[in-house]
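S.K.: missing the sequence, but the structure's below:
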């Protein structure tokens, strides 16, 4: 029997035709002499009907069927009885009278239902991933991911980009995140590293004159896992020669527009807004602003510097900021107790409290209102600047710019969520451009590259990398693309001369020897006619998750690791044989007791 | 300056227009007051002309240019002087009078010429891979590879296949080739393995109901390298549910036809020939037959069993074979000494000699001719069956079928090469189908799966896997696709029930415990409604090499390893820091002295 179409696609067009369908039993209803089977395949579900009238043998087989049995059927498409019509399903107006059936495989009773919105532990879902993936919402997630990658390939091809594979077994560079290592059997004590990104190889491909490169590239980072992270992940990676930052952004926008159209049928408006990093931090307190809603941060320092309110005064005197957001209708919606709860949360950013005001028709109320009272001019200035209306709540942060930004970004996002201010149907893209070249890493207690050490300084800022200057004043020719308040990807123009690249390494505290040892092959390549170049990478897992509207990237990865970096289906990682370790000249120094079995 | 087109694309269409070009200095000729520069980019070379007449400053810059300098120029396209026209180049009828130039980057003198057919060691080419890749033949190789992958994506998309990524950090299975291992930092003594292929994951995706999967997948094997092998390689991987072997072959042929058309503009004739494995072995002595030329193997056992020639008689009595190939015109081309040289080579297959006959108008000559002399009937029978004509050379192999096959396959290929009998412009595809299920591994001295342990026996041959039967008699639902005498890829219908899969493991000597331990997750999956399924994988590296007509797959891989598994550009694999080893709870048991630095 050759399948004529997918079960989920049998609609009125097939009326009065014979079809051959193959798939899984979703449900069986036995009405005594009449059996209804919902047959499922990747495109959906169709209703099969068995009766002695259509075929006696088929009815006998149907009687044996259980959920998830695999069958093939031949049948005739007829209209459903009027009261059985289901307008919500593509196949809801028809049913298939089965004249022939073959049972292709049986099934044990699955450990959870094959349907959307099940309430089952993640590890059970991952252990039976082949069943979890049968669920329509999971199939849809991977299909959306597939549509994205198809659009990516056809877009880059149409733009003259060349898909080039870069190696997965490469050199360890102890910069940045931790590498996954791969021991060499041939050379004891030597290791390959799995790539954290194809960054240097794609730059070398520009040095090799390919002009336009792209790749959907697997990357690896051995970091402790957080919500949206996996040990291996995939990026849409591209690099071009001779283009400036705006031209690369334009190319990327073309890609995004094509993906949105072909994946979800959505027309996005081009060009996207381009926000300077400084402006993004000022208006949203973050470089990943969610612009689907307002409540922008407003600096009120100049208005509140002589109110006699010491908290504000002291901060301002120390060079800090006083900024506020206006919560629409927040006066009624947030009690003093609610606000106290926020105080607990913002404590981790270093915020020492959360001053607030409720806005009335012509005045403010609340504990600190006394400092603002009866000052119509101040009321007007503050409400105008913040856009606050009577009934709104003003939340203040006063501290260093870093604390103010983190505090108000947190409050803005949290409150927008709580109050349902976010239009979840929107896809809000924008660029954040002109980042600082360096970023102070609070954990590492040192300056690190805001992007990576190959990023080109802003034209005119190169001199900050000279001897005796402060490199941390430099801005970069870098850009991130943001979707709905999350970084979707980022890129930059890269350094293409040895001289500037060495200055960059020096600013990061590299000795000449260490730079040569780790990146000598790049530095050498820069000597042989390296073109100006730049590029960008987009996180495919996150992109797919956002387009599929799923909560976790695991839902758009076929076989992900769990939050402990274990793949519960195969139990990887596993112990290996002594022989394998001997082949690799390796000895494990820690006992297994400290290992996986205990976790 | 925005580039208006690629240098290599400036032809007569651009006459009398201004162009902006960016690229590399291929060559400079200074005629005194007139400087010619060959400007190169990925599309080719165009001639630039500098003169005081066009622009004085530009001439001054041109005077400083050296090979591989990176420049951008603005100029006017004019016809070349008649005696300068080069009809072989797309840009050969024009030149560009340069009015403006910017030097974008300088270059040291490269260690080899940026041109085709250089005579330079492989390691030097790999160390300066960014320069090697600038050479037109290398650019073309990677561009052909890119065209293949673009065709693959668009073909599979058009056929309803879904591109799904399978994990690179997965479970070690000590079957088959050696795994590359990746130590887990979180679980001391535990390892991920890099996949040798996505085989089990793609089968699980069929279990998950995706129906049609494909992926261009990176695979890894830690084997000693041979000519056409790399530690990491790429395969075009696909799997389908509910299709039989022929349907999968048809789908694959559609893919091949599209690739050939879109990559090289070649129309291939469909369907490809499908040769039973038995027939392929009988006619060509190999399961990877090169059908671009004749000289097929002919069994002469029935004709030569009573000649009184003991060598033949003994072999035939022992159940061996006497087969021959007829070398066209070979009587003159191969001397007794030449034939003796072949004897040295075929010794490794176990052949104990190489009987031969030269064919004259009505008889045979040569040392064994006396056994055939004056037997017109035998002469007629042998020349008819072998197609030998006067002046041809008949080469005999008489031994076990294995030795005969290997000997005559070797001679057939070698002689066809030596005599130029192969039409190198041809792309000869065919299928070899219905392989044996098992193959005796002479090195391992045990039966191994001819494909892999998940291959479905031929319908009707399942019973050979039952207790007390000889499993090695079973044939398989498997198929290889052959291009020009090399395996391009292969696949099979897979086992989809636990019962049969367990029998297969048993036939391979697995205990139940070992099967459960290593493949329990697959066996469990087979319990939950697994559809009949099958698929195929094609080696992308080899496919690209054959289409690009290159001698080694390294020439169609951007950054390959050398024959010692080293990547000379980055020097990977390298030693790593003690800290990295500590993090992984690993200790290296062998001294470095035995390692890489000595090799």
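M.R.: That came in fine, so what should we check first? In this text the structure is predicted, and so the values were computed from the model without any measurement.
S.K.: Give the buried residues for the helix or strand bottoming out on mean pLDDT in chain A.
M.R.: Least confident helix or strand of chain A, by mean pLDDT, DSSP states H and E, is strand A:446-449 with a mean of 85. For strand A:446-449, a neighbour-count test (16 or more other Cβ atoms under 10 Å in any protein chain shown) marks A:447-449 as buried. Yep, even glycine has a C-beta here, placed from its N, CA and C like the rest.
S.K.: in its sheet, what does the next helix or strand after that strand sit against?
M.R.: Next helix or strand after strand A:446-449 toward the C-terminus (DSSP states H and E): strand A:478-483. Under the criterion DSSP bridges, strand A:478-483 sits next to strand A:429-433 (antiparallel), strand A:486-493 (antiparallel) in its sheet.
S.K.: Distance from the chain centre to the last one, please.
M.R.: Computed by Cα atoms, centre = their mean, to the nearest Å, the separation of strand A:486-493 from the middle of its chain amounts to 12 Å.
S.K.: Redo the strands paired with strand A:478-483 as JSON lines? Include mean neighbour count and distance to residue B:418.
M.R.: Listed next are the strands paired with strand A:478-483 as JSON lines, based on neighbours: other Cβ atoms under 10 Å in any protein chain shown; distance: least, Cβ to Cβ, whole Å:
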{"stretch": "strand A:429-433", "mean neighbour count": "22", "distance to residue B:418": "63"}
{"stretch": "strand A:486-493", "mean neighbour count": "21", "distance to residue B:418": "54"}
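S.K.: Dump these to TSV, plus mean pLDDT.
M.R.: TSV is the format used below for these (pLDDT from 0 to 100):
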stretch	mean pLDDT
strand A:429-433	98
strand A:486-493	97
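S.K.: hang on, the earlier thing: and the buried residues of strand A:446-449 as a markdown table, adding distance to chain B?
M.R.: Shown next, in a markdown table, are the buried residues of strand A:446-449 (distance: Cβ to the nearest Cβ, whole Å):
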| residue | distance to chain B |
| --- | --- |
| A:447 | 21 |
| A:448 | 18 |
| A:449 | 20 |
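S.K.: Of the residues you listed, just say which sits nearest to residue B:399.
M.R.: Among the buried residues of strand A:446-449, residue A:449 lies closest to residue B:399 (Cβ to Cβ), at 67.6 Å.
S.K.: so that closest one touches residue A:509, yeah?
M.R.: No - using Cβ atoms under 8 Å, residue A:449 is not in contact with residue A:509, being 11.5 Å away.
S.K.: All the helices of the stretch 201-350 of chain A, in order from the start?
M.R.: Ranges of helices within the stretch 201-350 of chain A are A:245-264, A:277-284, A:310-317, A:330-333, A:336-346, based on DSSP state H, counting those that start in this stretch.
S.K.: And the following helix or strand past the last one, what does it pack against?
M.R.: Downstream of helix A:336-346, the first helix or strand assigned by DSSP H and E is strand A:356-359. Other helices and strands packing on strand A:356-359, by 3 or more Cβ pairs under 8 Å, 6 or more residues apart in numbering or on different chains; DSSP states H and E, are helix A:330-333, strand A:364-365, strand A:393-399.
S.K.: again, only using 7 Å
M.R.: When contacts are defined as 3 or more Cβ pairs under 7 Å, 6 or more residues apart in numbering or on different chains; DSSP states H and E, strand A:356-359 packs onto strand A:364-365, strand A:393-399.
S.K.: what sits up against the last one?
M.R.: Around strand A:393-399, the neighbours that count as contacts under Cβ atoms under 7 Å, 6 or more residues apart in numbering or on different chains are A:311-312, A:315, A:320-327, A:330-331, A:334, A:350-352, A:354-359, A:386, A:388, A:403-404, A:407-408, A:411.
S.K.: follow-up on the earlier one: let me have the helices of the stretch 201-350 of chain A in JSON lines, extended by mean neighbour count.
M.R.: Listed next are these as JSON lines, based on neighbours: other Cβ atoms under 10 Å in any protein chain shown:
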{"stretch": "helix A:245-264", "mean neighbour count": "19"}
{"stretch": "helix A:277-284", "mean neighbour count": "19"}
{"stretch": "helix A:310-317", "mean neighbour count": "16"}
{"stretch": "helix A:330-333", "mean neighbour count": "18"}
{"stretch": "helix A:336-346", "mean neighbour count": "13"}
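S.K.: can you put these in TSV and add distance to residue B:392?
M.R.: Shown next, in TSV, are the helices of the stretch 201-350 of chain A (distance: least, Cβ to Cβ, whole Å):
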stretch	distance to residue B:392
helix A:245-264	61
helix A:277-284	80
helix A:310-317	101
helix A:330-333	98
helix A:336-346	91
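S.K.: wait, which of those helices is closest to chain B?
M.R.: Closest approach to chain B among the helices of the stretch 201-350 of chain A (Cβ to the nearest Cβ): helix A:245-264, 8.0 Å.
S.K.: wait, does the closest one contact chain B?
M.R.: No - interface with chain B: helix A:245-264 contributes nothing (Cβ under 7 Å from any Cβ of the partner chain), its closest point being 8.0 Å away.
S.K.: That helix vs strand A:486-493, what angle?
M.R.: 140 degrees (axes from the mean of the first three to the mean of the last three Cα atoms, to 10 degrees).
S.K.: Need the contact partners of helix A:245-264.
M.R.: Here helix A:245-264 has contacts from A:144, A:147-148, A:151-152, A:155, A:159, A:240, A:266-268, A:270-272, A:427, A:429, A:431, A:433, A:477, A:479, A:481, A:491, A:493, A:534-536, A:547, using Cβ under 7 Å, 6+ apart.
S.K.: re earlier: please tabulate the helices of the stretch 201-350 of chain A in TSV, including the columns mean pLDDT.
M.R.: Formatted as TSV, the helices of the stretch 201-350 of chain A follow (pLDDT from 0 to 100):
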stretch	mean pLDDT
helix A:245-264	98
helix A:277-284	98
helix A:310-317	94
helix A:330-333	96
helix A:336-346	95
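S.K.: Quick one: closest of these to residue B:4.
M.R.: Comparing the helices of the stretch 201-350 of chain A by Cβ to Cβ, helix A:245-264 comes nearest, at 13.7 Å.
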